[in-house]
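# okay, structure incoming, though there's no sequence with it:
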């Protein structure tokens, strides 16, 4: 799958393919966040536009599903229909950019967006099962046996009352399940962590309180006029871009999210990674997020409110929630500046975490200014090589067997006068803008060091000369 972006913010022209690990690096104000948020917006919203696209769900199919609780289709009959619908959706997506960025649509009047993908050849070898994902109850299950081309749909009859309430939505639900089957590998489910994350966690509660107070005041001010408080709340929230809205939702819904388990429930090496990295424990008590610091010798763990926690703790809170309670196979985790507020040692550990996630079926997409992260990614690429005494070397260098990245699984890009591809080989990323900056500061340091040495030498020589002349006098 390849994304084509033109005239979106500072991006004049960009082609971006998603890898198992996708990296965009480069200077400030070159379009990294524009690219990230545009791609996230498409992956997040494309299914909501399916309903306006005709996938020709026959009414007899819906009637049969309601009557018998089961129905089926031949997946091969829907390839061209799904492909056509998705092509239309990608072409129309540019009209949504104003909403995605919470900006005036006129700003994107000249923008272009397209997604290149191909559903063929259709791989029917795997067993497949999926439930409806956007509703509070399980309504329909989609199932396919291995090496079969028949998609079976099974209505949940155990909760008939709840299902009855969604009966009018069944055509939309079936449409989404069909589309998800065909795109499960091409269009991953996105989870984004924006660079504004620390501020969101710090002020989210106060923003909600202020909105509730305003709504209450307006309701009491004039009860005779028709007024919907939720319209006001939605209007307020619409001032934020879609990624920020998503992060606000995570901050608001943390108490419910922690009741769920991710695919790493039984993998403490992954689920506890962030808390070990920071030396703390995240908890929610009485609806409030708190932090427990690591117990020191002879002392109990210290409990502090979240707003008093360090910026690094706040910056990694969403990532911790995702890994522990949300992550599913096939997801794409998108992080703006994963190095935010982190010591270089922890930036290196973050790169290793990305490798662990990639090797367990989670795609990772980052934008970064961190030379430490990129250099460690290069190390992890070299670690994937067929080396002599590899296991011994891994142990000596302090790595683990799952901390490697194959060069072919990485797509890397440079944001500088556009967004261009960076070659990745067995040694890692070929070049970055950081190399130039590092070379420049190293050269300056060397010249200053040499100048200081020369000055000291000259002064010492001058003193010695004066001493010698004085002695002869």
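Received the coordinates, thanks. These numbers come from a predicted model, not from an experiment.
# show the pLDDT at residue 26.
Here, the pLDDT recorded for residue 26 equals 89.
# same thing with residue 222?
Model confidence at residue 222, given as pLDDT, is 53.
# go on, residue 225?
Looking at residue 225, its pLDDT stands at 52.
# same check on residue 388?
On pLDDT, residue 388 comes in at 88.
# now do the strands in the stretch 351-473 of the chain.
Here the stretch 351-473 of the chain has its strands, by DSSP state E, counting those that start in this stretch, at 363-368, 410-415, 419-422, 424-425, 428-429.
# just name the most buried of those strands.
By mean neighbour count, with neighbours taken as mean count of other CB atoms under 10 Å, strand 363-368 ranks first of those at a mean of 24. Every C-beta, even on glycine, is put in place using the N, C-alpha and C of the backbone.
# partner strands of that one, with direction?
strand 21-26 (parallel), strand 332-336 (parallel) (DSSP bridges).
# list the contacts of residue 357.
By CB atoms under 8 Å, 6 or more residues apart in numbering, residue 357 lies in contact with 270, 323, 327, 333, 364.
# now render the strands paired with strand 363-368 as CSV, adding mean neighbour count and distance to residue 442.
What follows is these, written out as CSV (neighbours: other CB atoms under 10 Å; distance: least, CB to CB, whole Å):
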stretch, mean neighbour count, distance to residue 442
strand 21-26, 24, 19
strand 332-336, 23, 28
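# save those as a markdown table, and put in distance to residue 310 too.
Shown next, in a markdown table, are the strands paired with strand 363-368 (distance: least, CB to CB, whole Å):
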| stretch | distance to residue 310 |
| --- | --- |
| strand 21-26 | 26 |
| strand 332-336 | 18 |
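# of the ones you listed, give the one that comes closest to residue 138.
The closest of those to residue 138 is strand 332-336. By CB to CB, the value is 24.3 Å.
# ok, back up a step: quick one: which of the strands paired with strand 363-368 is nearest residue 131?
Short answer: strand 332-336, nearest of these by CB to CB, at 20.0 Å.
# and for the closest one, what's in contact with it?
18, 32-33, 36, 39-40, 43, 188-195, 243, 319, 322, 327, 357, 362-367.
# which ones among those are found in helices?
Judged by DSSP state H, the subset of these located in helices is 32-33, 36, 39-40, 43, 243, 319, 357.
# which of the residues you listed lies closest to residue 182?
residue 43 (14.9 Å).
# wait, the closest one sits on residue 187?
Yes. In terms of CB atoms under 8 Å, residue 43 counts as a neighbour of residue 187; the distance is 6.0 Å.
# from residue 73, how far out is residue 410?
37 Å (CB to CB, to the nearest Å).
# make that residue 384, sorry
41 Å.
# center of the chain, which residue is that?
Centroid-nearest residue in the chain, with CA atoms, centre = their mean: residue 334, separated by 1.5 Å.
# partners of that residue in the sheet?
Here residue 334, judged by DSSP bridges, has bridge partners residue 192, residue 365.
# re the thing from before, quick one: closest of the strands paired with strand 363-368 to residue 427.
strand 21-26 (15.1 Å).
# how far away from the center of its chain is the closest one?
How far strand 21-26 lies from its chain's middle: 12 Å, per CA atoms, centre = their mean, to the nearest Å.
# what residues does that strand touch?
With contacts defined as CB under 8 Å, 6+ apart, strand 21-26 is touched by 16, 32, 35-36, 354-355, 358, 363-369, 374, 377, 405, 409-416, 419, 422, 429, 432-434.
# ok, for residue 326, nearest residue in space, not its chain neighbours?
residue 262 (5.6 Å; CB to CB, 6 or more residues apart in numbering).
# what about the one you found, how many neighbours?
Using other CB atoms under 10 Å, residue 262 has 18 other residues around it.
# cool, and the one 4 residues further on?
Per other CB under 10 Å, the neighbour tally for residue 266 reads 8.
# that one: what secondary structure?
In three-state terms, and counting by DSSP: H, G, I helix; E, B strand; the rest coil, residue 266 is coil.
# cool, and the one 3 residues further on?
Reducing the assignment at residue 269 to three states with three-state DSSP gives helix.
# where in the protein is pLDDT low?
The model of the chain has pLDDT under 70 over residues 51-56, 132-137, 159-163, 165, 201-238, 296-298, 433, 463-473.
# longest helix in it, please.
Identified as the longest helix of the chain according to DSSP H is helix 433-472.
# report the angle between it and strand 410-415.
70 degrees (axes from the mean of the first three to the mean of the last three CA atoms, to 10 degrees).
# tell me what helix 433-472 is packed against?
Packing partners of helix 433-472 (3 or more CB pairs under 8 Å, 6 or more residues apart in numbering; DSSP states H and E): strand 21-26, helix 371-383.
# now it, how far from the chain's geometric center?
On CA atoms, centre = their mean, the centre of helix 433-472 falls 49 Å from that of its chain.
# with stretch 170-179 instead?
Counting by CA atoms, centre = their mean, stretch 170-179 comes out at 25 Å from the chain centroid.
# now stretch 254-264
Distance, centroid of stretch 254-264 to centroid of chain: 17 Å (CA atoms, centre = their mean).
# list the contacts of it.
For stretch 254-264, contacts defined as CB under 8 Å, 6+ apart pick out 250, 270-271, 284, 287, 289, 321-329, 360-361.
# again, only using 6 Å
By CB atoms under 6 Å, 6 or more residues apart in numbering, the surrounding residues in contact with stretch 254-264 are 270-271, 284, 287, 321, 323-329.
# what do you get for stretch 285-292?
Stretch 285-292 has contacts (CB under 6 Å, 6+ apart) with 255, 280-281, 283, 301, 303-306, 309, 313.
# greatest separation within those residues: which pair is it?
Spanning the widest gap among these are 255 and 301, at 21.1 Å by CB to CB.
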